[in-house]
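J.: what follows is a predicted protein model with its sequence.
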Amino acid sequence: MPSDAPSAHELSLRQRIAELQEQLEEQRLKATCFELLSARMEEGFCVVELIKNAQGQFHDYRYLLTNGACLHHTAHPKKMGQTAREVIPDEVDGWLAYFAEVARTGRSVSFEKCLQATNRQLNLSVHRLEPAQLNRIAIHFTALRQGQPERDRLLERNEELSQRVDQAQANSKLLGELVDHSLANVFAADRSLRLLAINRTAQETFKRLRGFAPQVGDFIPQFLARYPDLMSRLEPVWPRLLAGEAFTETLAFGPENEMHHYEILYNPLRDAQQCIQGGYLFAYDITERVREQERLRETEQALRQSQKMEAVGQLTGGIAHDFNNLLGSIMAALEMAEQRQDQQRHEETARLIGVARHSAQRAASLVQRLLAFSRQQTLKPQAVDVHPLVSGMRDLINSSIDSSIEFVNETLPGQWLILVDPPQLESALLNLSLNARDAMPSGGLLRIASSNLTINPELARSLDMEPGDYLHIQVRDNGVGMTREIAQRAVDPFFSTKALGQGSGLGLSMVYGFMRQSGGQLHINSACGKGTEVDLYLPRHSADAPAQLPCPAQASAKPRPMANLRTVLVEDQDVLRQIICDVLEDCGHEVHDFADGHQALAALHAGLQPDLLITDIGLPGRLDGHQVAAEFRRLFSGLPTLFISGYSPASAMARAASSSLDDILFKPFELATLKQRIELLLEKNLP
């Protein structure tokens with residue numbers, strides 16, 4: 001049996017994810033603090049990245065970060081990712097001389113220079129950011145106030161400036177190291193999809209899977225143009241990010257045999273004023289977790305298959321045991337009857353034939369129970385009010401349980417109708433009552449209650465059924481109860497806690513099959529010493545009143561005579577066909593019998609003119625009973641038809657008894673029942 005506890009590998013993954021999330025929260029805290037400080041600084045502050053040309057010389061720089069005071073002092077708006085040649089093309093070389101020197105030597109410089117684009121005189125302090133190979137510098141500056149001596153201002157602010165820059169550099173370095181060493185793939189881009197940040201993990205992932213490593217400043221649609229699978233995933237999510245939505249997706253990339261699964265957390269990128277400047281994402285590789293889950297599903301599927309095979313083995317073993325007993329008694333009784341017949345001991349012959357008939361009836365009952373469990377019995381549903389049905393069963397239930405057990409009918413009038421086969425529902429309730437009786441050997445209380453219940457989707461999932469309106473029927477006792485293990489197996493066929501020979505183990509399985517075939521569900525709630533509650537859920541029927549089906553006993557007491565009728569019989573079982581022929585001929589029929597549909601249709605096309613058709617549904621060859629009946633009716637509309645079936649799905653009744661011209665009889669049947677059904681069919685249809 002699989003354990004519900006997670007594997008060591010899964011625990012390790014969860015621990016690592018928790019560590020990464022803790023690191024991420026720490027990074028977010030530091031970034032928030034940094035943004036707060038930079039937003040409240042009166043001085044301008046920005047970070048730029050120097051760009052080299054093909055000859056390896058610095059020829060431009062790109063703005064990576066600016067604070068709110070930057071605009072105040074320069075009066076010149078800049079966007080993250082823009083280059084100086086895009087913003088101030090005529091002044092780039094003058095500023096680049098200072099910045100390149102700092103980037104090459106690492107020595108900080110302070111100087112005063114006029115920004116010609118806005119005619120602002122700026123006092124600047126420039127510092128290199130580590131690592132040096134990134135060519136990034138931090139610039140701290142203010143616009144000179146009129147009348148303020150430069151030397152005094154520098155002396156006044158120099159120490160504070162150095163401290164702030166050092167702290168900002170330390171924070172930036174720490175944040176960068178944390179993000180760079182994260183197992184997550186980290187990307188950030190501005191509104192135009194220009195890459196603002198990418199960590200080492202993401203670059204290594206791209207290098208391993210795509211053969212190249214994106215760089216800060218790259219235009220994402222440009223380097224993804226060769227990979228439409230990635231671009232198609234990005235295009236629908238980017239507008240959601242720019243709209244301010246944060247969300248999570250699980251995606252899979254790569255060929256089927258090397259599929260990689262990622263859990264991606266998307267967030268909008270906001271500035272100090274909470275304006276959205278782009279978006280960023282953390283992509284976690286969860287491939288191993290997905291594979292582990294798939295292995296777990298395969299294991300569970302194998303276990304379920306094993307359990308199914310065990311149930312099949314238990315079912316076939318139970319069938320073999322019960323049928324061997326019944327066949328043994330039938331064969332022994334018939335053998336003895338044959339001997340007594342030879343000895344002219346006719347009274348004992350009749351008794352032994354009765355024994356064989358009784359065993360055959362028990363075998364037929366066993367088959368019906370198996371069909372009920374497999375949901376293959378043929379039901380005759382009609383609208384039913386449960387309250388009068390249970391009220392009418394009071395005497396039957398009281399006579400079936402011990403006098404020490406009190407039966408209470410707690411069903412209520414006026415509740416929702418259900419569409420079920422009434423005798424089968426009565427049989428199910430009687431079965432449950434007998435189980436309750438056996439669970440209360442010292443007496444107790446048996447209750448049958450009902451209530452209207454609307455099942456929501458959550459409850460429907462737990463009960464493995466569709467949501468909607470149901471009538472909830474409860475059969476409760478205060479008996480010995482069941483353990484959880486026994487309750488889980490209670491509906492298995494041939495499972496029984498009773499001693500050998502005291503029960504077939506099909507009672508609850510038959511009730512379960514009937515409930516499922518009727519569109520409902522059965523649920524058992526029990527505990528040792530606390531009794532048992534069996535919950536039956538049956539779909540609500542919208543009809544206003546129960547439908548009344550005609551009972552054979554109410555048929556005309558004077559059926560039409562069956563003599564001189566030309567009857568076609570199609571039955572592939574030779575013995576049964578011969579017996580039915582004898583019965584019909586005794587009743588005066590002119591019988592034309594056939595072993596399959598092809599023979600019957602050949603006789604029909606040769607000129608046979610029938611008054612009645614009797615056909616088995618399951619015939620050999622490519623023609624079944626429905627097709628045979630259809631061809632007969634094509635030539636003789638209004639032909640009464642009696643279908644016979646030994647095994648039929650629930651749809652057989654709908655197909656075979658779709659009009660008053662049809663009736664259906666299920667094997668095994670008594671010959672008296674056969675004659676009665678033919679009389680009723682002819683009474684309804686013959687002039």
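T.: It's in. Residues are numbered from 1 along each chain as shown.
J.: rest of the way, CA atoms for contacts and neighbours
T.: Fine.
J.: in contact with residue 47: list those residues for me.
T.: By Cα atoms under 8 Å, 6 or more residues apart in numbering, residue 47 lies in contact with 63, 64, 65, 66, 136, 137, 138, 139.
J.: mind listing the helices for the stretch 201-350 of the chain?
T.: Here the stretch 201-350 of the chain has its helices, by DSSP state H, counting those that start in this stretch, at 220-223, 228-242, 287-342, 346-373.
J.: give the buried residues for stretch 415-425.
T.: Within stretch 415-425, the residues scored as buried using 16 or more other Cα atoms under 10 Å are 416, 417, 418, 419, 420, 421, 422, 424, 425.
J.: in helices, which of the residues you listed appear?
T.: If you go by DSSP state H, those have 422, 424, 425 in helices.
J.: want to throw the buried residues of stretch 415-425 into a markdown table with distance to residue 361 and pLDDT?
T.: Formatted as a markdown table, the buried residues of stretch 415-425 follow (distance: Cα to Cα, whole Å; pLDDT from 0 to 100):
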| residue | distance to residue 361 | pLDDT |
| --- | --- | --- |
| 416 | 36 | 93 |
| 417 | 33 | 94 |
| 418 | 31 | 92 |
| 419 | 29 | 90 |
| 420 | 25 | 88 |
| 421 | 21 | 82 |
| 422 | 22 | 84 |
| 424 | 18 | 80 |
| 425 | 21 | 87 |
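J.: just those residues now: which is nearest residue 599?
T.: residue 421 (36.9 Å; Cα to Cα).
J.: residue 283 against residue 263, yeah?
T.: Yes. Between residue 283 and residue 263 a contact is recorded at 5.7 Å, counting by Cα atoms under 8 Å.
J.: neighbour count for these two, which is higher?
T.: The neighbour count for residue 283 versus residue 263, taken as other Cα atoms under 10 Å, is higher for residue 283 (22 against 17).
J.: for residue 65, give the beta-bridge partners.
T.: residue 47 (DSSP bridges).
J.: please look at residue 404 and residue 438 and confirm they touch.
T.: No. Using Cα under 8 Å as the test, residue 404 is too far from residue 438 to be in contact (12.0 Å).
J.: compare those two (neighbour count), which wins?
T.: Of the pair residue 404 and residue 438, residue 438 is the one with more neighbours under other Cα under 10 Å, namely 16 against 13.
J.: for the more buried one, grab phi and psi.
T.: Backbone torsions of residue 438, given as degrees, to the nearest 10, read phi -70, psi -20.
J.: confidence score at it?
T.: Listed pLDDT for residue 438 reads 84.
J.: and it, how far is that from residue 449?
T.: Plainly put, residue 438 is 20 Å away from residue 449 if you go by Cα to Cα, to the nearest Å.
J.: residue 428 against residue 511, yeah?
T.: Yes. Residue 428 is within contact range of residue 511, at 5.2 Å (criterion: Cα under 8 Å).
J.: more crowded one of these two?
T.: Between residue 428 and residue 511, residue 511 has the larger neighbour count (other Cα under 10 Å), namely 27 against 19.
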